[in-house]
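1. Okay, sequence plus prediction incoming.
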Amino acid sequence: MVVRVLDATTSDFAGMDAFDLAESIRIAEGRTLSVEVNCTDQPPVDGVTHAELAAGMGADILLLDRYSPLKPVILGAPEGVMNSPSPLAGLKALIGRPLGINLLVGSRIPPEKAGRAFNPEIAAAALEQGADILFLINQPTYGGGLAQMEAAADWVRTNDQGRLMPVAVTSAFTPPPRNLQDVELLGDNIKALVQAGTMGIGLPMPGSKLGWLLDTTARLVDIIHAEGALAWSILTGSVEGSPREVMFSLVLQAKMLGFDVHRLDGAGLSGMPTPENILAYSLAIRGEHHTYRRMALSIRR
């Protein structure tokens, strides 16, 4: 039986494939917290990585931005982790949580970002290095679009043997949906992505991205669930670095909208949300009992 994220230990997570992890998130009923960190920035606390700090404040899932599987850099990580052929697996051993990375989808990715572009070589390297989740970030300005996103999701489904969870960020396909016609258009894209193999869809949290409204977002969340995928709320636009009172307001809206996972992007303090905001968000989605349990649970369990 799959254990819900709220109760999962390090050994539980280690035994999960992508489908188990998705079910673990689903049965946690909107109480899963993921945190993005910029792993090439200097961590705000000496002697600890961004990921360890975020995990210590209650994050269930960690996402590395700016991680290149071809030239791995995780500032603050021990030499043994970075000298290993599987640095992501090494970092997971330190935090005891699932770990994902962002990959850019497009046909014209700039050379300085090529190591973070989605292609079979880089995706395969991420898988072998220990990634659990691939966040597929559509980049229209770099030649990205629905066809490229579908191809990326299909590659994961065909080649990863159920080990990787692809999550697609769809907000760049169209302007913010303002009416039923816009919702239907974006809904068709969502359906196509799920059919191609995407297991989660990321939408901007209203209040953090310009023009995204509560009612249209709620309809899109319903479409995601109807297709059998997970809905990820993305708190972005540097709002993840706002005062804690803003966190409490946004998280309650996200739960009412029906999001399965809450993702805090990496702005706030030297490449990550402030620790206080991670804690505040965790307390708001699941209360003191589950928050302090996650914070205190030994990675040796």
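-> Sure, I can see it. Residues are numbered from 1 along each chain as shown.
2. C-alpha from now on. contacts and neighbour counts both.
-> OK.
3. The nearest residue to Gln129 once chain neighbours are set aside and Gly130: what is the separation?
-> Closest residue in space to Gln129, ignoring its immediate chain neighbours: Ser86 at 3.9 Å, by Cα to Cα, 6 or more residues apart in numbering. Applying Cα to Cα, to the nearest Å, the value for Ser86 to Gly130 is 6 Å.
4. And the pLDDT for the residue nearest to Gln129?
-> Listed pLDDT for Ser86 reads 96.
5. Could you pull up the contacting residues of it?
-> For Ser86, the contact set (Cα atoms under 8 Å, 6 or more residues apart in numbering) comprises Glu128, Gln129, Gly130.
6. Give me the phi and psi for it.
-> Ser86 adopts backbone torsions of phi -130, psi 70, taken as degrees, to the nearest 10.
7. Now the longest helix seen in the chain: buried residues?
-> Longest helix in the chain, counting residues (DSSP state H): helix 275-296. Under the neighbour-count criterion of 16 or more other Cα atoms under 10 Å, helix 275-296 has 275, 277-286, 290-292, 294-295 buried.
8. For this protein, identify the residue most remote from the centre.
-> Gln181 (28.0 Å; Cα atoms, centre = their mean).
9. what about dumping the CA coordinates of the host helix or strand of it to CSV?
-> Per DSSP states H and E: Gln181 is located in helix 180-196. The C-alpha coordinates for helix 180-196 follow below in CSV (Å, rounded to 0.1, in the frame of the first residue of the first chain):
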residue,chain,number,x,y,z
LEU,A,180,-14.3,30.2,-21.1
GLN,A,181,-12.8,30.1,-24.6
ASP,A,182,-9.3,30.6,-23.2
VAL,A,183,-9.9,27.9,-20.6
GLU,A,184,-11.0,25.5,-23.3
LEU,A,185,-7.9,26.2,-25.4
LEU,A,186,-5.5,25.7,-22.5
GLY,A,187,-7.6,22.7,-21.4
ASP,A,188,-7.0,21.1,-24.8
ASN,A,189,-3.2,21.6,-24.4
ILE,A,190,-3.4,20.0,-20.9
LYS,A,191,-5.3,17.0,-22.3
ALA,A,192,-2.7,16.6,-25.0
LEU,A,193,0.2,16.7,-22.6
VAL,A,194,-1.4,14.2,-20.2
GLN,A,195,-2.0,11.8,-23.2
ALA,A,196,1.6,12.2,-24.1
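10. for it, packing partners?
-> helix 146-159, helix 214-226 (3 or more Cα pairs under 8 Å, 6 or more residues apart in numbering; DSSP states H and E).
11. Tabulate those helices in JSON lines, adding columns for mean pLDDT and distance to Leu264.
-> Formatted as JSON lines, these follow (pLDDT from 0 to 100; distance: least, Cα to Cα, whole Å):
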{"stretch": "helix 146-159", "mean pLDDT": "94", "distance to Leu264": "22"}
{"stretch": "helix 214-226", "mean pLDDT": "96", "distance to Leu264": "17"}
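12. Dump those helices into CSV; add mean neighbour count and distance to Gly96 as well.
-> Listed next are those as CSV, based on neighbours: other Cα atoms under 10 Å; distance: least, Cα to Cα, whole Å:
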stretch, mean neighbour count, distance to Gly96
helix 146-159, 19, 24
helix 214-226, 18, 28
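13. Ok, which of those comes nearest Leu134?
-> helix 146-159 (8.9 Å; Cα to Cα).
14. how about the nearest residue to Met272, chain neighbours excluded?
-> Gly266 (4.1 Å).
15. Hmm, that neighbour is touching Cys39, no?
-> No. Shown here, Gly266 and Cys39 do not form a contact pair, counting by Cα atoms under 8 Å, at 9.7 Å.
16. For Leu127, grab the count of nearby residues.
-> 22 (other Cα atoms under 10 Å).
17. before we move on, what about Val261?
-> Residues near Val261, counting by other Cα under 10 Å: 26.
18. what residues are up against the residue nearest to Met272?
-> Residues near Gly266 by Cα under 8 Å, 6+ apart: Val35, Glu36, Val37, Asn38, Asp65, Ser238, Glu240, Met272, Pro273.
19. hmm, try it at 10 Å
-> Shown in contact with Gly266 (Cα atoms under 10 Å, 6 or more residues apart in numbering): 35-39, 50, 63-65, 235-241, 272-274.
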